[in-house]
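# please find the sequence and the predicted model below.
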Amino acid sequence: GIKVKGHVLCWHVTSPEAWLEQMTSEQVSDALKRHIFTTMGHFRHRIKVWDVVNESLAPDGSLAQNIFWRKMGPSYIEKAFRWAHEADPSATLLYNDNKVEGMGPHSPNPEKSDGFYKLLQDLIQKGVPVHGCGIQAHFDASGTGRKRPPTPAMVKAQIHRLGKLGLTVNISEMDVRVSKLPANVRQIAQTQIYRDIVAAALTEPAFDGIWLWGFTDRHTWVTNFYHEDEPLILDEEYGRKEAYYGLRDGLATMCPGGTVGGGCPLNNEDDDTEQQQQQQQ
């Protein structure tokens, strides 16, 4: 009876690029369409929510010139969503991307966050069947500059303006890297980020869920992609870490008697987030 979200139907990283490069544009288009229909058809009525396209944006917010862009042009995103809707008209269809979690000129990646919003706005204006989006939330607690985590207020503002488009928003791949911090503050910082980001997100009606990118530090993509780390809410022995309770406390803010926002500051940021949010309305 466990519900599953399908991830992902179109992502250049997991596609056989060398094989696709040898194909014509029409052949790549046919292959992508066939893949979407085959996969969704196999899980029809069992998987009801799908990440259709993943990580199509470059760091500056423009469309990345990946294999699908080179072969099919920018319309590959629109086509993928229309094919997915045709394959299963009852499915909820999502767009997913990274480093787009915060809004505002002082957020870590404002160009990409704005590009994320504009891409979804454009799809909706074209009548493309996109129902929601995922903001990944792979955070580095020791990050600085563009690598720093967004503040809770920045996350709330991003979710708010996406919700104004009529979309649902989920945190889709959350984990919090801490190994570059001093050992005595790692769990403190990790717990605060899990708690405050989730609590802030829950203040927005458009927010509809959170997925973690794993649950135990024994098995995490971070170790292979970056370095040894402990980014999740259970330790390597499957014991509950402080972050587990921080996430639980964040979720509890939506319960009777909970404090909306978990008491974390949401309206006192030293940026133009609130003003931009009003302009978007």
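On my side now, so go ahead. Please read these numbers as outputs of a predicted model, since none were measured by experiment. Numbering: from 1, shown residues only.

# may I see the buried residues of stretch 116-133?
Buried positions in stretch 116-133, judged by neighbour count with 16 or more other Cβ atoms under 10 Å: 116-117, 119-121, 123, 128-133. For glycine as for every other residue, the C-beta is placed from the backbone atoms N, C-alpha and C.

# same list, the residues you listed, but as JSON lines with secondary structure and distance to residue 17 please.
Shown next, in JSON lines, are the buried residues of stretch 116-133 (DSSP: H, G, I helix; E, B strand; the rest coil; distance: Cβ to Cβ, whole Å):
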{"residue": "116", "secondary structure": "helix", "distance to residue 17": "24"}
{"residue": "117", "secondary structure": "helix", "distance to residue 17": "28"}
{"residue": "119", "secondary structure": "helix", "distance to residue 17": "22"}
{"residue": "120", "secondary structure": "helix", "distance to residue 17": "26"}
{"residue": "121", "secondary structure": "helix", "distance to residue 17": "29"}
{"residue": "123", "secondary structure": "helix", "distance to residue 17": "25"}
{"residue": "128", "secondary structure": "coil", "distance to residue 17": "25"}
{"residue": "129", "secondary structure": "coil", "distance to residue 17": "27"}
{"residue": "130", "secondary structure": "coil", "distance to residue 17": "25"}
{"residue": "131", "secondary structure": "coil", "distance to residue 17": "29"}
{"residue": "132", "secondary structure": "strand", "distance to residue 17": "28"}
{"residue": "133", "secondary structure": "strand", "distance to residue 17": "25"}
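
# buried residues in stretch 139-153?
Counting neighbours by 16+ other Cβ under 10 Å, stretch 139-153 gives 139-142, 148-153 as buried.

# now do the same end-to-end measure for it.
Chord length of stretch 139-153, first to last residue, is 16 Å (Cα to Cα, to the nearest Å).

# what ranges do the strands span in the chain?
Listed in chain order, the strands of the chain (DSSP state E) span 5-10, 49-54, 92-97, 132-135, 138-140, 168-177, 207-212.

# for the first one, which strands pair with it and how are they oriented?
The pairing partners recorded for strand 5-10 under DSSP bridges are strand 49-54 (parallel).

# tell me what angle the partner strand forms with strand 92-97.
Orientation note: strand 49-54 sits at an angle of 40 degrees relative to strand 92-97 (axes from the mean of the first three to the mean of the last three Cα atoms, to 10 degrees).

# kindly export strand 49-54 (C-alpha atoms) in CSV.
Extracted as CSV, the C-alpha positions of strand 49-54 are listed here (Å, rounded to 0.1, in the frame of the first residue of the first chain):
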residue,chain,number,x,y,z
VAL,A,49,2.8,11.0,-9.5
TRP,A,50,5.7,11.4,-11.9
ASP,A,51,8.8,13.7,-12.2
VAL,A,52,8.6,14.1,-16.0
VAL,A,53,11.6,16.2,-16.7
ASN,A,54,14.6,16.7,-14.4
